[in-house]
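Undergrad: got a structure for you, letters missing:
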């Protein structure tokens, strides 16, 4: 499709291609311990093509058995090499729109500096901003492997354009209902981020959600959620699991974690055994490892109007949270290089609390940056009247769970 010319900030081909390449390299380096080798069965469809293009850098699938990395598959649907490539694709940060006077972007460092405004500054006046970002020399061949197809418009003879306002119908009365519907998940996640940053941390949960998934009192059936790490041996007995869960009950505030509890563990949760989605706005809190992991889902919702460097930081924090999660679990994950935090002991609970607080402090600036990115996108992409109406609508379940 050919787009009408807009006020655009232009990025030369050599600059944006270098930035896209750096992004892919960074994502692959973060995921490397969890990626499968090329000869893994999950990559069978790639091997024939690899023989033809053996000079090409190949992105392989995540290992579904790696307990640190498999949450990316199970929670966020990043299956196979396609899932990894989804993380590797690049698009220009809308932060560039805040710098219309920067007509000549000559280096990747300059691009990164201008892009960072999206997560460091709050937009106060959209009237001085550019409408779009144009990637000079980009075409259909770049979609999928290098840049995002979603949100892109081909400008014949010039390149590929990304415009949040155009994509979400800002200022277009004919797209009013669609704009209201599309704004609601952004407003929802904005409220979740705000709630999490202002809430008091819960520092006595000790990661017991994984234990609650394995809870099996005498006479109870095998917990169905045990299937998720069934390939890992338990490092403690079922009796120890039960005693640890029953010791003082569970203090889990995360709606989605609770969904995986064994049925008999639900009444033991101090925050309730049947949390609903709208409880998330009241209960989400900054010490929760699942809330840290969910930042990846929240960041991916911005695609293609997010910031690549922010996504990298979010992915790193999500994986750090998962490592803490697995280390404190009742599973033996030593085969994957994961140590043990024995929360069934007083010493282990003290260690978990200390590590939990350290991680919470590291995640806080990343969460704040993500909140600014959401607040800014809402200003760039939607009219104020649309946002007022969008606040009254709870996003559908599919919109809440959708990662792109």
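TA: Now that the structure is in, tell me what you want to look at. Computed from a predicted model, the values in this text were never measured in an experiment.
Undergrad: residue nearest the centroid of the chain?
TA: The residue lying closest to the centre of the chain (Cα atoms, centre = their mean) is residue 296, at 1.1 Å.
Undergrad: that one and residue 255: what is the separation?
TA: In this view, residue 296 and residue 255 are 17 Å apart by Cβ to Cβ, to the nearest Å. Yep, even glycine has a C-beta here, placed from its N, CA and C like the rest.
Undergrad: if we can go back for a sec, residues contacting the residue nearest to the centre of the chain?
TA: Taking Cβ atoms under 8 Å, 6 or more residues apart in numbering, we find residue 296 in contact with 72, 76, 314, 315, 318, 403.
Undergrad: among those residues, find the lowest-pLDDT one for me.
TA: Within the contacts of residue 296, pLDDT reaches its minimum at residue 403, with 48.
Undergrad: just give the nearest non-adjacent residue to residue 116, would you?
TA: Nearest non-adjacent residue to residue 116, counting by Cβ to Cβ, 6 or more residues apart in numbering: residue 95, 6.4 Å away.
Undergrad: for that neighbour, give me its contacts.
TA: Contacts of residue 95 (Cβ under 8 Å, 6+ apart): 114, 115, 116, 117, 118, 119, 307, 376.
Undergrad: just the residues you listed: which are in helices?
TA: Taking DSSP state H, the ones among those that sit in helices are 114, 115, 117, 118, 119, 376.
Undergrad: I'd assumed residue 372 was in contact with the fifth one.
TA: Yes: counting by Cβ atoms under 8 Å, residue 119 touches residue 372, with 5.3 Å between them.
Undergrad: what about the nearest residue to residue 13 once chain neighbours are set aside, distance to residue 193?
TA: Nearest-residue entry for residue 13: residue 137, 3.5 Å, with adjacent residues in sequence omitted and distances by Cβ to Cβ, 6+ apart. Using Cβ to Cβ, residue 137 is found at 36 Å from residue 193.
Undergrad: who's more crowded, these two?
TA: The residue with more neighbours, out of residue 137 and residue 193, is residue 193; 22 against 15, by other Cβ atoms under 10 Å.
Undergrad: quick check: the more buried one touching residue 370?
TA: Yes: the pair residue 193 / residue 370 is scored as a contact, 6.1 Å apart, by Cβ under 8 Å.
Undergrad: overlap in contacts, these two.
TA: Common neighbours of residue 193 and residue 370 (Cβ under 8 Å, 6+ apart) are residue 298.
Undergrad: what count of nearby residues applies to residue 323?
TA: Residue 323: 21 neighbours (other Cβ under 10 Å).
Undergrad: what's the neighbour count on residue 28?
TA: For residue 28, the count of nearby residues is 17 (other Cβ under 10 Å).
Undergrad: got a list of contacts for the one helix or strand it maps to?
TA: In this structure, residue 28 is located in helix 13-31 according to DSSP states H and E. Helix 13-31 is contacted by residues 35, 57, 59, 62, 69, 84, 87-90, 92, 105-108, 110-112, 135-138, 146-147, 159, 308, 311-312, 315-316, 319 when judged by Cβ under 8 Å, 6+ apart.
Undergrad: grab the nearest non-local neighbour of residue 172.
TA: Per Cβ to Cβ, 6+ apart, closest to residue 172 is residue 179, 7.7 Å.
Undergrad: mind telling me what element the one you found is part of?
TA: With DSSP H and E as criterion, residue 179 is part of helix 176-198.
Undergrad: contact partners of the next helix or strand after that helix?
TA: Following helix 176-198 in sequence order, the next helix or strand is helix 209-213 (DSSP H and E). With Cβ under 8 Å, 6+ apart as the test, helix 209-213 has contacts from 223, 225-226, 228, 241, 244-245, 250, 252, 254, 257-258, 260-262, 265, 268-269, 290, 325-326, 328-331, 343.
Undergrad: need the buried ones from the residues you listed selected in PyMOL.
TA: Of the contacts of helix 209-213, the buried ones can be selected in PyMOL as follows, counting by 16 or more other Cβ atoms under 10 Å:
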select buried, resi 223+225+241+244+245+250+252+254+257+258+260+261+262+265+268+269+290+325+326+328+329+330+331+343
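Undergrad: list the ones among the contacts of helix 209-213 that fall in helices.
TA: Short answer: the contacts of helix 209-213 in helices (DSSP H) are 241, 244, 245, 257, 258, 290, 325, 326.
Undergrad: correct me, but residue 92 touches residue 118?
TA: No: Residue 92 lies out of contact with residue 118 (Cβ under 8 Å); the separation is 10.1 Å.
Undergrad: the two: which is more packed in?
TA: With neighbours defined as other Cβ under 10 Å, residue 92 and residue 118 compare such that residue 92 has more, 29 against 26.
Undergrad: nearest spatial neighbour of residue 154, skipping sequence neighbours?
TA: Per Cβ to Cβ, 6+ apart, closest to residue 154 is residue 160, 5.7 Å.
Undergrad: the one you found and residue 134 touch, don't they?
TA: Yes: using Cβ under 8 Å, residue 160 is in contact with residue 134, at 7.3 Å.
Undergrad: shared neighbours of those two, which are they?
TA: Taking Cβ under 8 Å, 6+ apart as the contact rule, residue 160 and residue 134 have no neighbour in common.
Undergrad: partners of the residue nearest to residue 154 in the sheet?
TA: Beta-bridge pairing for residue 160 (DSSP bridges): residue 135, residue 154.
Undergrad: re the thing from before, filter the contacts of helix 13-31 down to just the ones in strands.
TA: In strands, defined here by DSSP state E, the members of the contacts of helix 13-31 are 135, 136, 159.
Undergrad: low-confidence ranges in the chain?
TA: 1-6, 47-57, 102-103, 394-404 (pLDDT under 70).
Undergrad: quick check: domain ranges of it?
TA: 8-167, 184-401 (automatic domain parsing).
Undergrad: with distance to residue 174 added, can I get these in CSV?
TA: Compiled in CSV, these are given as follows (distance: least, Cβ to Cβ, whole Å):
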stretch, distance to residue 174
domain 8-167, 13
domain 184-401, 13
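Undergrad: ok, back up a step: for the ones in helices among the contacts of residue 95, which entry has the maximal number of neighbours?
TA: residue 118 (26 neighbours).
Undergrad: quick one: that one and residue 98 touch, right?
TA: Yes: counting by Cβ under 8 Å, residue 98 is a contact partner of residue 118 at 7.4 Å.
Undergrad: burial measure for residue 37, as a count.
TA: For residue 37, using other Cβ under 10 Å, the count is 9.
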